[in-house]
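J.: Requesting a structural model of the entry that follows:
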Amino acid sequence: MKRKILRDSIGATIFTMIVLWILSQIEINSDVLNPVSKTFGDFQITDLYFSQFKEGEKADTNIVIVNIGDLPRAGIAEMVNKINAFNPRVIGIDAFFRKPKDREGDSLLADAFSKVKNLVLVSKVSKCEGNICDSLETSHPMFCQYAETGMSNMISEGYDKFKTSREFSKYEVYRKKVRHYGPDNKMYFERQIDTIELDFAAKLAGYINPAAVNTLLERKDTVEVINFGGNVEMGGDLNDNTMIKYFAYDVSQIFEIEDLSNIKDKIVLMGYLGPNFDKVTWEDRFFTPLNINYIGKANPDMYGVVIHANKISMILKGNYINNAGWLFTLVTNFIIIFFNIALFSYLFLKLGHWFDGASLFLTLFEALLMIFMVIMIFHRFNYKIDFTLATVALFLTGNMTELYYSVLMPVINKYKKHLLNLHIYKKGQAYEN
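T.: Sure, this is the predicted structure:
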């Protein structure tokens, strides 16, 4: 009996894996299933941990966020001068100044940038194929000449602008064009050099703790999962589950408050957080795992500049999330599927007509158990393992077991019987005897 169950479990596991592979190859373009796909397609079990179970962390005092709102360039210049007077360690600006606008405003902004000791502006890699990008987008040279740049690409961007932001690339490689000039100042040839552009948050963190950035770069994965800690407090924010972690100044506060000594030796992150804190907009705002509406998300919950702050905090603390490797994930999922099928096979052979009810109860129980396991492993060890394959297989296991024993096994036995009755096998059997 045990040998039969073991043999059949191996067969049923292979059968289930084949069915899962076939289902994964089918493209379903259905208006009926589309809402379901959009609701659950971007959900991960670990989102439950961030939005429901993670305890609030202490505020990160290394970072101060400043809202630039809808200020013109002259207003941003005045803001930079005010902040710079209180000696921050570095100023990072999460905004592009791509083209000249008005001469006076551009001149004031360039002059303000020239006075900042450590200034980082955002950049963006584009036209990427494989591991190489063809170009790097930056602000206009009149502004970039006074600053370093850091890549601000969000992995959530792309075809689906509203996908949850969970990961970031530590760096990207782009082809930098280098021009060489002759004695007559005429360019006589141009070549391309593969150049690394560091992430914006990593670049800023390096001004506080260069060793922490080296630790980031030494990690094997080029893409890191963001260990979100919290958000900023905003009067118009619709998310009442927000964990407050970062101190932030609104546009008017920078000009109204005389003493800004709390920004001395800090990372000052300037970026867009709406026109003001009382009015939330969806511009440069993203879904994150902290969103309380983790299924069927209604509104994005975090501005891009705050996502950068979360990345900086993680880098400085070294509080990284480790991803299970693909081979470990595949083997673990396969083992779970195999033992589930072995259990369901035993119940199918033993319980008879009670099997349907027992399998339904067992499926729900195991689904909750796997969710609990993923969250606990994530919480205890900062280790992210994907049980998606095992979970999908779990909901199919009852039906797959019935199909295997009721349909596939009779077919196999029938053709096996016919095969053994062939003349060639009978002759071989008599000879062996």
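
J.: Nearest residue to the middle of this structure?
T.: residue 166 (2.4 Å; CA atoms, centre = their mean).

J.: wait, what's in contact with that residue?
T.: 44, 155, 156, 225, 226, 288, 289 (CB atoms under 8 Å, 6 or more residues apart in numbering). Placement of C-beta: from N, CA and C, glycine included.

J.: What about these, which are in strands?
T.: When these are checked against strands (DSSP state E), the matches are residue 225.

J.: Out of the contacts of residue 166, which one has the lowest pLDDT?
T.: Per-residue confidence across the contacts of residue 166 is lowest for residue 156, with 58 (pLDDT).

J.: Check the gap between residue 374 and residue 72 for me.
T.: Residue 374 sits 48 Å away from residue 72, going by CB to CB, to the nearest Å.

J.: measure the residue nearest to the centre of the chain to residue 305 for me?
T.: 17 Å.

J.: State the distance from residue 372 to residue 46.
T.: Distance from residue 372 to residue 46, by CB to CB: 12 Å.

J.: which of the two has more neighbours?
T.: A count of neighbours by other CB atoms under 10 Å puts residue 46 above the other of residue 372 and residue 46, at 22 against 11.

J.: So for that one, what's the nearest residue that isn't a sequence neighbour?
T.: residue 378 (5.3 Å; CB to CB, 6 or more residues apart in numbering).

J.: Below-threshold pLDDT in the stretch 51-200 of the chain: ranges please.
T.: For the stretch 51-200 of the chain, the stretches with pLDDT under 70 are 56, 156-163, 178-191.

J.: And the strands in it, which stretches?
T.: Ranges of strands in the stretch 51-200 of the chain, per DSSP state E, counting those that start in this stretch, are 63-67, 90-94, 119-129, 132-137, 148-151, 167-169, 171-181, 187-198.

J.: For residue 389, which of these is the nearest?
T.: strand 167-169 (20.1 Å; CB to CB).

J.: chain center to that closest one: distance?
T.: Taking CA atoms, centre = their mean, to the nearest Å, one finds strand 167-169 lying 6 Å from the centre of the chain it belongs to.

J.: helices and strands around it, which ones?
T.: strand 223-225 (3 or more CB pairs under 8 Å, 6 or more residues apart in numbering; DSSP states H and E).

J.: got the contact list for the strand it packs on?
T.: Strand 223-225 has contacts (CB under 8 Å, 6+ apart) with 155, 166, 167, 168, 169, 170, 216, 314, 320, 321, 323, 384.

J.: again, only using 10 Å
T.: 46, 155, 166-170, 199, 202, 216, 289, 311, 314-315, 320-323, 382, 384 (CB atoms under 10 Å, 6 or more residues apart in numbering).

J.: Separate out the buried members of those residues.
T.: When neighbours are counted using 16 or more other CB atoms under 10 Å, the contacts of strand 223-225 contain these buried positions: 46, 166, 168-170, 199, 202, 216, 289, 311, 314-315, 320-323, 384.

J.: gap between residue 232 and residue 290?
T.: 12 Å.

J.: To clarify, my last question referred to residue 278.
T.: 21 Å.

J.: More neighbours: which of these two?
T.: For residue 278 and residue 290, the more surrounded residue by other CB under 10 Å is residue 290, and the numbers stand at 23 against 11.

J.: And that one, how far from residue 245?
T.: When residue 290 is compared with residue 245 (using CB to CB), they lie 10 Å apart.

J.: Now do the shared contacts for the two.
T.: With CB under 10 Å, 6+ apart as the test, residue 290 and residue 245 both reach 228, 229, 230, 231, 306, 310.

J.: in the host helix or strand of residue 394, what counts as buried?
T.: Using DSSP states H and E, residue 394 sits in helix 388-403. For helix 388-403, the neighbour count (16+ other CB under 10 Å) marks 389, 390, 391, 392, 393, 394, 396, 397, 398, 400, 401, 403 as buried.

J.: And these, which is closest to residue 82?
T.: Taking CB to CB as the measure, residue 82 sits nearest to residue 391 out of the buried residues of helix 388-403, at 52.9 Å.

J.: isn't the closest one right up against residue 371?
T.: Yes - counting by CB atoms under 10 Å, residue 371 is a contact partner of residue 391 at 8.4 Å.

J.: What about residue 71? Give its phi and psi, please.
T.: phi -60, psi 140 (degrees, to the nearest 10).

J.: and residue 265, how many residues sit next to it?
T.: 12.

J.: Tell me who's in contact with it.
T.: Residue 265 touches 62, 86, 87, 88, 89, 90, 207, 208, counting by CB under 10 Å, 6+ apart.

J.: run the last query once more with 7 Å
T.: 87, 88, 89 (CB atoms under 7 Å, 6 or more residues apart in numbering).
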